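1. below are the sequence and a predicted model for it; my questions follow.
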Amino acid sequence: MKNLFLLFFLTVVFLKAGFLHSEELEIGISQGNIKPTPIAVTDFFAENLKSKKFGKDISNVISNNLERSGLFKIINKKSYIQDSESLNNQPRFEDWKLIKAQHLVSGNIIIKGDTIEVEFRLYDILTQKQITGKRYETGKSNWRRVSHIISDEIFERITGDTGFFDTRIVYVAESGPVGKKQKRLAIMDQDQSNHRFLTDGSYMVLTPRFSPTSQKITYMSYINKQPRVFILDIETGQQEIVGDFPGMTFAPRFSPDGKKIIMSYSDPDVGNSEIYTMELSTRSVERITNNPGIDVSPSFSPDGSKIVFNSDRGTRQHLYVMDYNGKNLKRISKGVGSYFTPVWSPRGDKIAFTKLENRQFYIGIMDIDGKNERMIAEEYHVEGPTWAPNGAYLMYYKQSKTFVDSEGKVKSGGESKLFMVDTTGHREREIVTPLEGSDPAWSPLLH
């Protein structure tokens, strides 16, 4: 993360505002299928044509971010009555009431050489007051990141939830025929911009996982048919081998402080899959479970005190929670079907999982004690949930049973695609990628 901030030198100035802590609208995402809030996002004002393009582009990124969240309805700019130049001085609130805006975003742009100054203000139309305002100074090439940071600020001030726009997604990009797909690591911003490949496809990669504290990922690869775990620093490109782990099926996950990894594999001296932790600084390994069943897919709680995993130590795969040291184990899943790949929400209140029931796959969430289980996505094959850093959205991948080829023929082995949904399950949308995509992992906030 240090290198990222060196690249993205950013000065933030708070602008004078009538802050409305008691009057701000809070529309938490967990409240159900709520009606999106109408919001106007103007092109940011600029004195010259070159700056105006930046102002328009920043406005569009902010609009797209907010709309993609499902909580905002962006009012068409053609209906705006007040222009950006006069708005730069003071909003005419009655003009914005006429087009039924509840909030207004305005701003201005100044370019000085290779530096860009971006100022924005967020207004509450009903109270006719400014909620917040900030000014950012950075290199021109960072205009898109500034747009994401502003989007996060707007999202948080209106909804009460932390934003998720200044984040990235790493995933497995797939290409080629069924059964012989080339799999490469790829990364992109959460809005699918700045896409690039991290590996060249010369070896298979699986299940990347982000560190909660840095821009590092773990992933698994097969070298000489043996699973090997790597850690890759996305900012520096430096890569290190963690080790070879027989019988491993999923890459490790990081502990909340980023100092450990937790994983499952089959030690030849043990004979079945157990859960282990490793201190990254010393490479010392500690075994956490000890049971004849197959224990896999461990995930830490955000405070590091608990671990959730799935195991067939009963009649079929279920989800279990235990203390970080393996004590006080308890089964939490209670429904029919089999449960896989649990992952703890960053908020600490939910666990997402994959479920197979009656030959149908689902993505579900439940409370950490197993209560209030509900399915939020389904497909012939759907798997690999990953949480947004605010715990309000999930991403995963779907593979359909069949696909239609270029000649119009239906063939088996459908394409894998990434999807995103909020925790209500009402706003699912596809995440478009250049190639097929699977095994997504969501980064922490970059700022």
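-> Nice, thanks for sending it over.
2. all helices for this protein, in order.
-> For the chain, the helices defined by DSSP state H cover 2-7, 49-68, 84-87, 93-98, 143-159.
3. okay, Q31: pLDDT?
-> Q31 is assigned a pLDDT of 49 by the prediction.
4. thinking again about what came up before, most tightly surrounded among the helices of the chain?
-> Highest mean neighbour count among these (mean count of other CB atoms under 10 Å): helix 143-159, with a mean of 23. C-beta coordinates here come from the backbone N, C-alpha and C atoms, glycine included.
5. tell me what it is packed against?
-> helix 49-68, strand 103-112, strand 115-124, strand 129-139 (3 or more CB pairs under 8 Å, 6 or more residues apart in numbering; DSSP states H and E).
6. want to throw these into a markdown table with distance to W344 and mean pLDDT?
-> Compiled in a markdown table, the helices and strands packed on helix 143-159 are given as follows (distance: least, CB to CB, whole Å; pLDDT from 0 to 100):
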| stretch | distance to W344 | mean pLDDT |
| --- | --- | --- |
| helix 49-68 | 24 | 95 |
| strand 103-112 | 33 | 95 |
| strand 115-124 | 32 | 97 |
| strand 129-139 | 31 | 96 |
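7. tell me which of these lies nearest to H148.
-> The closest of the helices and strands packed on helix 143-159 to H148 is helix 49-68. By CB to CB, the value is 6.7 Å.
8. which stretches of this structure have low pLDDT?
-> 1-12, 14-33, 406 (pLDDT under 70).
9. domain assignment for it?
-> Under automatic domain parsing, the residue ranges defining each domain of the chain are 2-159, 168-442.
10. show me where the stretch 201-350 of the chain has strands.
-> 205-210, 216-223, 226-233, 239-244, 253-254, 260-266, 273-279, 285-287, 295-300, 306-311, 318-323, 330-331, 338-344, 350-357 (DSSP state E, counting those that start in this stretch).
11. partners of the fifth one, with directions?
-> Sheet neighbours of strand 253-254, with direction, are listed as strand 260-266 (antiparallel) (DSSP bridges).
12. what lies in contact with the partner strand?
-> 218, 227, 229, 242, 245-255, 272-280, 288, 295-300, 307, 309 (CB atoms under 8 Å, 6 or more residues apart in numbering).
13. same thing with stretch 338-351?
-> Residues contacting stretch 338-351 (CB under 8 Å, 6+ apart): 212, 250, 253, 297, 299-303, 306, 308-310, 316-319, 332-333, 352-357, 365-368, 383-391, 423.
14. how long is that stretch from one end to the other?
-> This stretch, stretch 338-351, spans 15 Å end to end (CA to CA, to the nearest Å).
15. flag every buried residue along it.
-> Within stretch 338-351, the residues that count as buried by 16 or more other CB atoms under 10 Å are 338-347, 350-351.
16. as JSON lines, those residues with distance to M188 would be great.
-> Listed next are the buried residues of stretch 338-351 as JSON lines, based on distance: CB to CB, whole Å:
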{"residue": "S338", "distance to M188": "32"}
{"residue": "Y339", "distance to M188": "30"}
{"residue": "F340", "distance to M188": "26"}
{"residue": "T341", "distance to M188": "22"}
{"residue": "P342", "distance to M188": "26"}
{"residue": "V343", "distance to M188": "20"}
{"residue": "W344", "distance to M188": "24"}
{"residue": "S345", "distance to M188": "23"}
{"residue": "P346", "distance to M188": "20"}
{"residue": "R347", "distance to M188": "25"}
{"residue": "K350", "distance to M188": "25"}
{"residue": "I351", "distance to M188": "26"}
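17. thanks a lot, see you next time.
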